[in-house]
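*Asks:* only geometry, no sequence info:
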């Protein structure tokens with residue numbers, strides 16, 4: 001069984017069935033073994049640990065078959081991602097202290113059954129961030145133009161995601177906007193738009209849309225393009241994520 005919670009700036013997964021192919025993505029990723037240890041292929045070697053934080057675009061493969069895990073995928077442009085990056089301190093990844101992992105594991109196993117709606121999830125997530133000492137982080141994107149752009153992308157209601165159109169709305173050239181986005185977030189604008197489309201498609205699928213319809217509505221050129229992107233960025237296909245899964249779209253903006 002896999003439980004997914006989709007919020008404005010992250011996806012949180014509780015599962016005992018994650019065994020993804022080698023991949024990299026634009027998320028900042030936190031992986032916690034909810035009992036025991038996990039093996040992760042990283043930098044050409046296998047690391048065994050209780051928990052790890054990885055920056056965006058780090059190539060990795062998680063070997064988690066049959067082990068309960070908590071996987072937190074955080075929008076790389078968010079304040080929370082910036083807080084985790086401070087802890088990583090430019091090293092690409094950071095192994096979490098076993099004592100912290102034990103505390104988070106006990107909290108997650110005790111509280112996850114209480115999550116039934118946005119309100120209870122919001123409380124769960126705030127308490128989780130307190131355990132990571134990230135409850136007062138305000139260190140994300142500072143350029144108001146890039147903040148406006150992120151809001152435009154998140155609030156889109158159609159399948160078109162033109163960099164040129166966004167640049168025109170903000171009074172910038174496409175190249176200047178792309179450059180500013182990269183400087184402010186550490187992520188390419190084109191990569192962020194692909195991530196946004198992937199998140200949108202996943203939300204639509206778990207709200208009952210057929211995979212083909214979700215792919216096209218989210219802005220992918222074809223269902224096969226969506227499938228390839230899901231495999232490349234998440235390490236698994238949408239049909240694999242959906243199987244035996246429970247999805248709750250929640251809000252943390254309360």
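*Replies:* On my side now, so go ahead. Given the structure is predicted, the values throughout are model-derived calculations rather than measurements. Numbering: from 1, shown residues only.
*Asks:* now the helices for the chain?
*Replies:* Taking DSSP state H as the criterion, the chain carries its helices at 79-88, 98-111, 118-131, 144-154, 163-170, 174-185, 189-206, 211-218, 223-234, 238-242.
*Asks:* So for residue 14, which of the ones you listed sits nearest?
*Replies:* Across these, residue 14 has its closest neighbour in helix 98-111 (7.4 Å, Cβ to Cβ). No exception for glycine: its C-beta is placed from N, CA and C like everyone else's.
*Asks:* Flag every buried residue along that closest one.
*Replies:* 101, 104-105, 108 (16 or more other Cβ atoms under 10 Å).
*Asks:* And those residues, which two are furthest apart?
*Replies:* By the measure Cβ to Cβ, 101 and 108 form the most distant pair in the buried residues of helix 98-111, at 10.2 Å.
*Asks:* Quick check: neighbours shared by these two?
*Replies:* Contact criterion Cβ atoms under 8 Å, 6 or more residues apart in numbering; residues shared by residue 101 and residue 108: residue 32.
*Asks:* follow-up on the earlier one: now the helices of the chain as JSON lines including distance to residue 72 and mean pLDDT?
*Replies:* Below are these laid out as JSON lines (distance: least, Cβ to Cβ, whole Å; pLDDT from 0 to 100):
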{"stretch": "helix 79-88", "distance to residue 72": "9", "mean pLDDT": "89"}
{"stretch": "helix 98-111", "distance to residue 72": "10", "mean pLDDT": "95"}
{"stretch": "helix 118-131", "distance to residue 72": "8", "mean pLDDT": "91"}
{"stretch": "helix 144-154", "distance to residue 72": "19", "mean pLDDT": "88"}
{"stretch": "helix 163-170", "distance to residue 72": "28", "mean pLDDT": "91"}
{"stretch": "helix 174-185", "distance to residue 72": "18", "mean pLDDT": "91"}
{"stretch": "helix 189-206", "distance to residue 72": "14", "mean pLDDT": "85"}
{"stretch": "helix 211-218", "distance to residue 72": "22", "mean pLDDT": "92"}
{"stretch": "helix 223-234", "distance to residue 72": "13", "mean pLDDT": "84"}
{"stretch": "helix 238-242", "distance to residue 72": "15", "mean pLDDT": "72"}
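*Asks:* Redo the ones you listed as a markdown table? Include distance to residue 58.
*Replies:* Shown next, in a markdown table, are the helices of the chain (distance: least, Cβ to Cβ, whole Å):
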| stretch | distance to residue 58 |
| --- | --- |
| helix 79-88 | 10 |
| helix 98-111 | 19 |
| helix 118-131 | 22 |
| helix 144-154 | 22 |
| helix 163-170 | 25 |
| helix 174-185 | 16 |
| helix 189-206 | 14 |
| helix 211-218 | 25 |
| helix 223-234 | 13 |
| helix 238-242 | 21 |
